[in-house]
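S.K.: need a structure here:
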Amino acid sequence: MPRSRKTQVSVDATPYYHCTSRCVRRAFLCGKDAVTGKSFAHRRQWIEDKMLELPTVFAINLVAYAVMHNHYHVVLFIDKLAADNWNPLEVDERWHQLYNGTHYSQRFMKGGLLTDTEQDNLNATIARWRERLMDISWFMKVINEGIARTANQEDNCTGRFSATAPAWLYLLHPWEGRFSSQALLDEKALPACVAYVELNLIRAGIADSLTTSDHTSIKRRCEQAEKAAQPNDPPQQTEGLLPFACNPRANMPNGLSFRLTDYLELVDWTGRILRDDKRGAIPESTPQIL
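M.R.: Numbers count the residues shown, from 1 in each chain. Next comes the predicted model:
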């Protein structure tokens with residue numbers, strides 16, 4: 001029996017989670033339609049753009065991602081401290097980037113006056129929105145709902161959406177109703193999982209190098225590192241992704257506790273290992289990533 005999402009997510013235990021969302025019956029939402037022969041590969045860019053956009057709204061940072069033809073992977077970092085430090089107006093403005101909000105919240109955002117009763121109602125609403133803006137279920141919901149609606153519009157068809165269902169139970173064509181999530185509990189699990197996600201296209205035989213792995217975070221990191229004067233300097237790393245903050249130290253900023261160049265070498269080396277249970281690997285003839 002599936003467990004409640006609340007019992008699987010504990011920011012006190014770990015802020016890092018690996019999530020996977022798959023299409024219903026493994027339909028190729030972003031691939032080639034076997035019946036018509038039409039390709040929908042352009043939808044992978046829709047998903048990637050949405051992933052990179054949402055961390056500017058949520059208190060959730062994107063660590064890694066890979067968009068496949070019938071599913072996608074993300075590794076997320078929940079920044080509870082950032083959400084707790086938002087003032088009510090900031091929470092209100094962020095929520096209105098996603099939804100219309102309420103009459104009271106719209107008036108508050110425009111600087112209008114509220115009665116004491118209206119302010120009490122708004123305070124309770126903002127507290128609920130603050131929780132949602134650091135909830136991976138709502139993060140995944142916004143991605144899937146937006147992509148499903150756009151795909152349905154392109155296909156000239158309709159899907160199903162249950163507005164009264166819990167946040168994680170949204171019945172949208174073409175996504176499965178529930179995404180999977182896995183807590184990354186220690187410093188070994190985190191790089192192992194991130195590397196697994198970023199090697200998805202290579203292991204599937206779709207790409208043969210990190211720099212040709214389209215619609216993955218590793219490709220974006222490689223492209224930015226090539227342009228940066230100091231690739232290990234967090235401000236010079238890829239915008240929209242949680243940076244590599246180098247080795248652990250006092251007053252450590254938000255970021256992965258590795259050097260970016262060390263991590264790129266690790267993923268490149270891992271991708272060259274031949275595995276019997278995987279179709280692809282980086283060929284020996286491919287130059288090393290650095």
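S.K.: The helix or strand that contains residue 75 pairs with which strands?
M.R.: Take DSSP states H and E as the rule and residue 75 turns out to sit in strand 71-78. Using DSSP bridges, strand 71-78 pairs in its sheet with strand 16-22 (antiparallel), strand 60-67 (antiparallel).
S.K.: following that strand, which helix or strand shows up next?
M.R.: helix 80-85.
S.K.: Can you mark which positions in whatever helix or strand comes next after that following helix are buried?
M.R.: Next helix or strand after helix 80-85 toward the C-terminus (DSSP H and E): helix 88-96. If you call a residue buried by 16 or more other Cβ atoms under 10 Å, then helix 88-96 has these buried ones: 88, 91, 92, 93, 94, 95. C-beta coordinates here come from the backbone N, C-alpha and C atoms, glycine included.
S.K.: Contacts only, for the third one.
M.R.: Counting by Cβ atoms under 8 Å, 6 or more residues apart in numbering, residue 92 touches 101, 105, 108, 109, 126, 129.
S.K.: quick check: longest helix of this structure.
M.R.: For the chain, the helix that runs over the most residues, judged by DSSP state H, is helix 136-155.
S.K.: Could you chop this protein up by domain?
M.R.: Listed domain ranges for the chain are 81-132, 186-290 (source: automatic domain parsing).
S.K.: how long is the last one from one end to the other?
M.R.: Start and end residues of domain 186-290 are separated by 27 Å (Cα to Cα, to the nearest Å).
S.K.: could you give me the average pLDDT of it?
M.R.: Across domain 186-290, pLDDT averages out at 92.
S.K.: Also the shortest one?
M.R.: Average pLDDT, domain 81-132: 94.
S.K.: hey, where'd the strands end up in the stretch 101-250 of the chain?
M.R.: Secondary structure of the stretch 101-250 of the chain by DSSP state E, counting those that start in this stretch: the strands cover 180-183.
S.K.: Going along the chain, name the helices of it.
M.R.: 103-109, 116-132, 136-155, 189-198, 200-203, 217-227 (DSSP state H, counting those that start in this stretch).
S.K.: Buried residues, stretch 142-149. List them.
M.R.: Here stretch 142-149 shows 142, 143, 144, 145, 146, 147, 148 as buried, counting by 16+ other Cβ under 10 Å.
S.K.: where's residue 182 relative to residue 265, distance?
M.R.: Going from residue 182 to residue 265 by Cβ to Cβ, to the nearest Å gives 25 Å.
S.K.: Equivalent analysis for residue 78, please.
M.R.: 28 Å.
S.K.: what about those two, which has more around it?
M.R.: Between residue 78 and residue 265, residue 78 has the larger neighbour count (other Cβ atoms under 10 Å), namely 21 against 14.
S.K.: Setting aside sequence neighbours, what's the nearest residue to that one?
M.R.: In space, and not counting its chain neighbours, residue 78 is closest to residue 15: 4.5 Å by Cβ to Cβ, 6 or more residues apart in numbering.
S.K.: Roughly how far does the one you found sit from residue 91?
M.R.: Distance from residue 15 to residue 91, by Cβ to Cβ: 19 Å.
S.K.: cool, residue 269 as well?
M.R.: 43 Å.
S.K.: With residue 53 instead?
M.R.: 18 Å.
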